[in-house]
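Visitor: below are the sequence and a predicted model; questions follow.
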Amino acid sequence: MTTVGDGKTPLRFLYLHPLALPGVEANLVQTTETCRALAERGHEVFLIVTRLKEETAEANLAPFDVRPHENLHLVAEPAIRLKNASGSRSWFVRAALLWYLRGLVRRGRTVLYFRTLKDSRLARFLLTAGRLLRVPVVFEAHKVVQEKREDQGFHAGTLRRIRRLEGRVFATATGVVASHPLLEARLRDGLRPHGPLVVAPNGVRAADAAGAEREFDAVYAGSLFEWKGVDVCLEAVARLDGVRLAVVGGNPPERLEALKEKASALGLGDRVTWFGQRPRAEALEIVGRSRCALVPLDPEFEEGERYTCPLKMLEAMVRGVVVVAADTPAIRAFVTPDVSALLYPKGDAAAMAGRIEEALADPARTAALAAAGRALALEASFGARARTLETFVRDLL
């Protein structure tokens with residue numbers, strides 16, 4: 001049997017993610033990077049999604065700038081969208097999915113892995129499937145879902161159902177992976193997972209530092225949901241004469257239109273370049289053409305305040321682009337203020353404007369900040385994340 005670099009038998013990860021490839025969801029970057037890193041370490045990874053829109057692995061992974069690997073298998077299995085099944089059909093779909101997964105299980109080295117509770121039926125199914133197939137089930141947490149839904153104003157009945165589901169997952173899963181150290185502390189103190197818990201933050205791929213020529217003064221790259229705080233970027237740039245902002249992202253589309261209307265109302269005109277959704281390589285190339293990268297987070301949302309593990313921030317830092325970010329516990333877990341990033345009081349557009357002006361006015365200090373940020377980012381990698389997951393799963397087995 002083939003072995004991995006440490007001479008041990010390779011693990012088999014059955015990673016179920018009820019989305020289609022390729023897609024616009026930001027979590028698909030982290031998912032595909034993590035699966036690729038595990039495959040590079042010699043493990044067999046089956047990334048099981050609802051649909052593959054393209055005919056080849058290359059085409060399905062290209063938007064995320066992730067290369068195929070012989071150990072990484074992309075599988076289309078529509079049955080994992082269990083929320084679309086009801087009645088007798090639901091039982092038939094579950095039985096078929098269980099039989100399919102059974103065929104992939106290799107006793108003593110297989111783990112069921114998932115990271116979303118949006119499809120509550122799938123989450124409950126996987127907990128049961130792990131017991132029936134006698135394999136560990138690992139849940140990767142990126143937030144406390146009940147807290148996020150409270151922030152979003154969901155009604156009491158929905159919140160009760162989410163609390164029950166989340167409680168069941170943490171009480172039943174063989175192990176839990178937290179994407180942020182503050183999230184780990186919250187889970188230990190509040191939700192108290194029954195099984196072992198490990199922290200595996202986002203990583204970044206090594207990249208060359210950007211060149212001296214910078215087309216944009218500032219850039220925001222990422223999704224446009226309210227909790228991302230992109231409005232603050234527009235308000236800050238509106239306070240700075242002549243500063244040019246690039247916005248890379250288009251999901252959700254209705255937020256893009258709302259932000260464009262706000263920019264127009266603020267009189268920003270052609271000082272904002274809207275790139276919309278772009279393949280990852282293109283998005284990062286635009287980041288590298290900017291003098292500073294903005295990481296705003298809305299203070300009204302707990303996810304941005306405490307649990308976000310900002311991949312785009314690390315990707316800017318590794319390219320030697322200085323970061324101007326909201327001063328939140330989540331951000332402080334990764335950077336040192338005024339050493340590896342410039343922080344401003346969250347939600348304060350005037351303070352953000354001051355930090356942007358600071359970054360643009362003092363090239364020597366900006367270069368020092370960028371160098372410190374790049375050194376910090378180079379210490380993180382998806383390879384390191386894969387090693388953490390590998391050790392964790394071996395201990396579970």
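Guide: Looks like it came in fine.

Visitor: who's in contact with Ser340?
Guide: The contact partners of Ser340, by CB atoms under 8 Å, 6 or more residues apart in numbering, come to Met317, Val323, Leu369, Ala372, Gly373, Ala375, Leu376. Yep, even glycine has a C-beta here, placed from its N, CA and C like the rest.

Visitor: just the buried subset of the residues you listed, please.
Guide: Buried subset of the contacts of Ser340 (neighbour count, 16 or more other CB atoms under 10 Å): Met317, Val323, Leu369, Ala372, Gly373, Leu376.

Visitor: give me the element the fifth one is part of.
Guide: Right, Gly373. Here Gly373 sits within helix 363-378, counting by DSSP states H and E.

Visitor: immediately after that helix, which helix or strand?
Guide: Tracing the chain past helix 363-378, the next element assigned as helix or strand by DSSP H and E is helix 382-396.

Visitor: contact partners of that following helix?
Guide: With CB under 8 Å, 6+ apart as the test, helix 382-396 has contacts from 8, 11, 13, 33-34, 36-38, 40-41, 43, 111, 136, 138, 174-175, 177, 195-196, 198-205.

Visitor: how far does it sit from the chain's center?
Guide: Put simply, helix 382-396 sits 18 Å off its chain's centre (CA atoms, centre = their mean, to the nearest Å).

Visitor: for it, the averaged confidence score.
Guide: Averaging pLDDT along helix 382-396 gives 95.

Visitor: in that helix, which residues are buried?
Guide: With burial defined by 16+ other CB under 10 Å, the residues of helix 382-396 counted as buried are Phe382, Gly383, Arg385, Ala386, Arg387, Thr388, Leu389, Glu390, Phe392, Val393, Leu396.

Visitor: quick check: Gly175 touching His194?
Guide: No: assessed by CB atoms under 8 Å, Gly175 is found out of contact with His194, at 9.5 Å.

Visitor: among the two, which residue is more densely surrounded?
Guide: Gly175 (22 against 14; other CB atoms under 10 Å).

Visitor: tell me the predicted confidence for that one.
Guide: Gly175 is given a pLDDT of 96.

Visitor: residues contacting stretch 216-225, please?
Guide: 26, 228, 230, 233, 237, 243-252, 255-256, 259, 273, 283-284, 286-287, 289-294, 296, 312, 315-316, 321, 324, 356, 360.

Visitor: circling back to that earlier point, among the buried ones among the contacts of Ser340, which one sits closest to Ala333?
Guide: Leu376 (11.8 Å; CB to CB).
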